[in-house]
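>>> take a look and give me a structure for this.
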Amino acid sequence: MMGTESFSPNSGSQQKIIVQVDPEIFELIPAFLNHTNQHIQEMKQFLQSGDLVLIQQSAHKLKGSAKLYGVDALSDYARSLEKSIAQTNMESIRRTLNLMGDYMDGITIVAGPQGGTPKGDKSK
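Below is the predicted model of the structure:
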């Protein structure tokens, strides 16, 4: 799966983030972005009510779907969120959810070149 982006998951800046995805899935991206934003808002509500189980379930789903779509930094955030939940680190959970929201606010997803780089191609 193609997924190249220019963003540091720990920066939390409001910079524009460009993510290239496989052109074959590009038409699915608007729905993915919409659902992801909804999930982040829901997780923030779950945090307010102290429901870490629901946050963990949402983070786990988001980790997989973001990886599938090639949005690796978002998948990394979700993985970090799962770790924070396992440690019951409320401050880290809150911070990571805010970083995820910032990331989504700055993301622009574009279709990469047709076919991307073939697997095993060491020339790139």
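>>> quick one, what contacts the spatially most central residue of the chain?
The residue lying closest to the centre of the chain (C-alpha atoms, centre = their mean) is L74, at 1.9 Å. Neighbour list for L74: 36, 62, 66, 100, 103-104 [criterion: C-beta atoms under 8 Å, 6 or more residues apart in numbering]. C-betas here are computed from N, CA, C, even on glycine.
>>> hmm, which two among these are most spread apart?
L62 and Y103 (11.6 Å; C-beta to C-beta).
>>> list the contacts of the helix or strand H35 falls within.
Using DSSP states H and E, H35 falls within helix 29-49. Residues outside helix 29-49 that contact it (C-beta under 8 Å, 6+ apart) are 21, 52, 54-55, 58-59, 61-62, 65-66, 69, 71, 74, 81, 90, 93-94, 97, 100-101, 104, 107, 109.
>>> now do the helices in the protein.
29-49, 52-69, 72-86, 90-106 (DSSP state H).
>>> distance from the longest one to the middle of the chain?
Its chain's C-alpha centre and that of helix 29-49 lie 11 Å apart, by C-alpha atoms, centre = their mean, to the nearest Å.
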